[in-house]
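Novice: return a 3D structure for these sequence lines:
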Amino acid sequence: MPRTRKVDKTVAQQKALSAFWKIGYNQLGVRALEEATGINRFALQKEYGGKAGLFIKVLDDYLLLSENGVFNNVSNGGLEEVATLFLMRADNETLPEETRYGCLAINTACENDGKNEEINHRIMNFFDMIGDAFKSALSNEKKQGTLKDNVNIQQACEFLRGELIGLNVVARANRDNQAILPAVKFTANIVRSWKK
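Specialist: Numbering: from 1, shown residues only. Below is the predicted model:
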């Protein structure tokens, strides 16, 4: 029977999140995952049902954190919160180092390519949540009478969601949030131009 090491689950899951985010699910081997987290193969299987189970756990945690964090601010805000979301995305100073590798959910969407239904369902819900947050922010502005009349909320939300997804892909490819700075500034200016 393998020797068990005492591993803090919260720390191990955070390390797993970082490893999956930087390397990707398919490229991260079980041995590398063991080294990154301190969770041995036996414990990985027993506690999580293997690499896939641990990945689902950290992905769920990441999605919940995104929904309750930055996207909650957007949902409850307006155009300025949307603009700030984009500007914040390029800020190496305040964001965790992993964000240079894009967004875990968007990376997973690209890597999974719809093949794993359990993962695909989570990613599609994440994309819906992004769209809903933008819709809520723009609707808040409309209710206050501060959204320009020529702004089609549905089209604007699709544009913003697509822009956010694309920017995260570019950030990952460059391994640098600053690579998207010109685009996020431009997007923030577009968003601010929708205000009456």
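
Novice: can you list the buried residues in the biggest helix by length in the chain?
Specialist: Criterion DSSP state H: the longest helix present in the chain is helix 117-143. Within helix 117-143, the residues that count as buried by 16 or more other Cβ atoms under 10 Å are 119, 122-123, 126-127, 129-138, 140-141. Every residue, glycine included, has its C-beta placed from N, CA and C.

Novice: give me the number of residues near residue 10?
Specialist: By other Cβ atoms under 10 Å, 9 other residues sit near residue 10.

Novice: and what of residue 21?
Specialist: Neighbour count of residue 21, defined by other Cβ under 10 Å: 26.

Novice: over to the one 10 residues further on?
Specialist: The number of residues packed near residue 31 is 9, by other Cβ under 10 Å.

Novice: now the residue positioned nearest the centre of the chain: closest residue in space that isn't a chain neighbour?
Specialist: Nearest residue to the geometric centre of the chain (Cα atoms, centre = their mean): residue 103, 3.9 Å. Distances taken as Cβ to Cβ, 6 or more residues apart in numbering put residue 168 closest to residue 103, at 4.2 Å, once the chain neighbours are dropped.

Novice: host element of that neighbour?
Specialist: helix 153-174 (DSSP states H and E).

Novice: show residues contacting the helix or strand following that helix.
Specialist: Next helix or strand after helix 153-174 toward the C-terminus (DSSP H and E): helix 181-193. Helix 181-193 is contacted from outside by 79-80, 82-84, 86-87, 89-90, 148, 160, 163, 167, 170, using Cβ atoms under 8 Å, 6 or more residues apart in numbering.

Novice: so how far is the helix holding residue 168 from its chain's centroid?
Specialist: 12 Å (Cα atoms, centre = their mean, to the nearest Å).

Novice: pLDDT weak spots in the chain?
Specialist: 1-5 (pLDDT under 70).

Novice: quick one, domains of it?
Specialist: Domain ranges of the chain: 1-58, 69-193, per automatic domain parsing.

Novice: buried residues in stretch 182-196, which are they?
Specialist: Under the neighbour-count criterion of 16+ other Cβ under 10 Å, stretch 182-196 has 183, 184, 187, 188, 190, 191, 194 buried.

Novice: so who does the residue nearest to residue 151 when sequence neighbours are not counted touch?
Specialist: Among residues not flanking residue 151 along the chain, residue 194 sits closest, at 4.7 Å (Cβ to Cβ, 6+ apart). Counting by Cβ under 8 Å, 6+ apart, residue 194 makes contact with 79, 138, 141, 147, 148, 151, 156.
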